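>>> what follows is a predicted structure for the sequence shown.
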There are 2 protein chains.
Amino acid sequence: MEIFIEPIGKLVNEFSKLPGVGKKTAQRYAYKIIDMTEAEARAFADAIVGVKRKVKYCKVCGNFTEEEVCGVCRVRDKSVICVVKEPKDVAAIEKLREFKGVYHVLHGVIDPLSGIGPNDIRIRELLARIQEGDVKEVIVATNPDVSGDATAMYIAKLVKPLDVTVTRLAHGIPIGSEIEYTDDITLARAFVERNKI
Amino acid sequence: MEIFIEPIGKLVNEFSKLPGVGKKTAQRYAYKIIDMTEAEARAFADAIVGVKRKVKYCKVCGNFTEEEVCGVCRVRDKSVICVVKEPKDVAAIEKLREFKGVYHVLHGVIDPLSGIGPNDIRIRELLARIQEGDVKEVIVATNPDVSGDATAMYIAKLVKPLDVTVTRLAHGIPIGSEIEYTDDITLARAFVERNKI
């Protein structure tokens, strides 16, 4: 005898596909759905199908959009482009409400070990944008890891000759944390990137 | 400008309704859905709607079922009834593959502070089952807290006069844990419920 009847087992299985969700958590989620009204469950299901049907990639920056060109690309300062790995990085930066420029989502980073070269991510599209507009600065906001750094270096090499400033987000000790507990690599980096006060 | 376009915001909002899911986790789940194929997302949505459409409560025990009467009630030993608070407790016990009897899901416990009295949970139905069949034992497996204990006592008072043994799951030190780290209430309970060896 199965522990779950088929429709519940199926839903537990679907929830288990979400990142970081094990059987136990998936089960809790499934029970929550069973407790919902029919209309609530229907709204949930519609949101899932809706996101697949409506969300496309902006043909300029590669971020999520419902239109051809996203809201950021349509109205914001095009002279500064912030280059990120994934759409979720755009969301993280937008939350700050600090950056006034536009984005360029690479949809990946150069990672030879996984067989991802410069042509597999949207670097060509970035160069095309720079060549056609008056871009003054490219801020590379890839993650501070091996492939993120390699991608930043690669982009810098291509973009600098086009007379565009290329910058990279600062690395260092996170605000509020302590030197004692900062990992070696970050601490070393904080020394290298130290600023005059 | 919103951080998320409308269909993503909607889905993040839906995922946030799941127990223990905050905005950040909901966002990760939403991105996962976007990464799925159309067919995968459709299967997910169908599982949600399906569970609401297909899952009913067994008219005998009150557990989840697709039929009128659940698989457990149809085939198992009806002389022992295990009384639990919720369907998820049935799943937890079934996983052990030890208990061979049937269940009775109360769908709640007596909790005067929340205005839940004996008539608000399925106690009447339990008594009816006992009166019509040859039940030998009722195992009360409500949680070891105030309302779980109160419910167990209430059921015992009603069921014992019907010449049925009423038992309650043992409380004590969890297997593998240490006396030093056992909380006071559990430890005191372990003394009271100590067994001859």
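Received the coordinates, thanks. Values in this document were obtained by computation on a predicted structure and should not be read as measured data.
>>> check contacts around residue A:138.
With contacts defined as Cβ atoms under 8 Å, 6 or more residues apart in numbering or on different chains, the neighbours of residue A:138 are A:80, A:81, A:83, A:126, A:130, A:155, A:159, A:164, A:165, A:166, A:167. No exception for glycine: its C-beta is placed from N, CA and C like everyone else's.
>>> look up the pLDDT of the closest residue to residue A:165 other than its chain neighbours for me, please.
Of all residues beyond its chain neighbours, the one nearest residue A:165 is residue A:137 (4.4 Å), with distances taken as Cβ to Cβ, 6 or more residues apart in numbering or on different chains. Predicted confidence (pLDDT) for residue A:137: 93.
>>> now do residue A:137: how many residues are near it, please.
Residue A:137: 14 surrounding residues under other Cβ atoms under 10 Å in any protein chain shown.
>>> cool, residue A:181 as well?
Look at residue A:181: counted by other Cβ under 10 Å, it has 9 neighbours.
>>> go on, residue A:90?
Counted with other Cβ under 10 Å, the neighbours of residue A:90 add up to 25.
>>> looking at this, it is in a helix?
Yes. Assessed by DSSP: H, G, I helix; E, B strand; the rest coil, residue A:90 belongs to a helix.
>>> and it, how far is that from residue A:176?
According to Cβ to Cβ, to the nearest Å, residue A:90 stands 24 Å off from residue A:176.
>>> now residue A:103
From residue A:103 across to residue A:176, the span is 27 Å (Cβ to Cβ).
>>> which of the two has more residues huddled nearby?
Just comparing residue A:103 and residue A:176: by other Cβ under 10 Å the higher neighbour count belongs to residue A:103, 26 against 5.
>>> returning to what we had before: wait, isn't the residue nearest to residue A:165 in contact with residue A:82?
No. Residue A:137 lies out of contact with residue A:82 (Cβ atoms under 8 Å); the separation is 9.2 Å.
>>> mind giving me the packing neighbours of the helix or strand harbouring residue A:30?
Following DSSP states H and E, the helix or strand that holds residue A:30 is helix A:23-35. Helix A:23-35 sits against helix A:6-15, helix B:38-54, helix B:87-94, with contacts defined as 3 or more Cβ pairs under 8 Å, 6 or more residues apart in numbering or on different chains; DSSP states H and E.
>>> tell me the most buried of these?
When the helices and strands packed on helix A:23-35 are scored by mean count of other Cβ atoms under 10 Å in any protein chain shown, the highest mean neighbour count falls to helix A:6-15 (a mean of 21).
>>> ranges for the strands of chain A?
Counting by DSSP state E, chain A has strands at residues A:56-57, A:64-65, A:80-84, A:102-105, A:137-140, A:165-168.
>>> ranking those strands by burial, who's on top?
Of all those, strand A:102-105 has the most neighbours on average by mean count of other Cβ under 10 Å, namely a mean of 26.
>>> what packs against that one?
Looks like strand A:102-105 contacts helix A:71-75, strand A:80-84, helix A:87-94, helix A:123-132 (3+ Cβ pairs under 8 Å, 6+ apart).
>>> name the residues that touch that strand?
A:57, A:60-63, A:72-73, A:76-78, A:80-87, A:89-90, A:93, A:122, A:125-126, A:129.
>>> for chain B, tell me which of these show up nearby.
A:72, A:87 (Cβ under 8 Å from any Cβ of the partner chain).
>>> residues touching the residue in chain A positioned nearest to chain B, list them.
Closest to chain B within chain A is residue A:45: 3.8 Å, counting by Cβ to the nearest Cβ. With contact set as Cβ under 8 Å, 6+ apart, residue A:45 has these partners: B:44, B:45, B:46, B:48, B:49.
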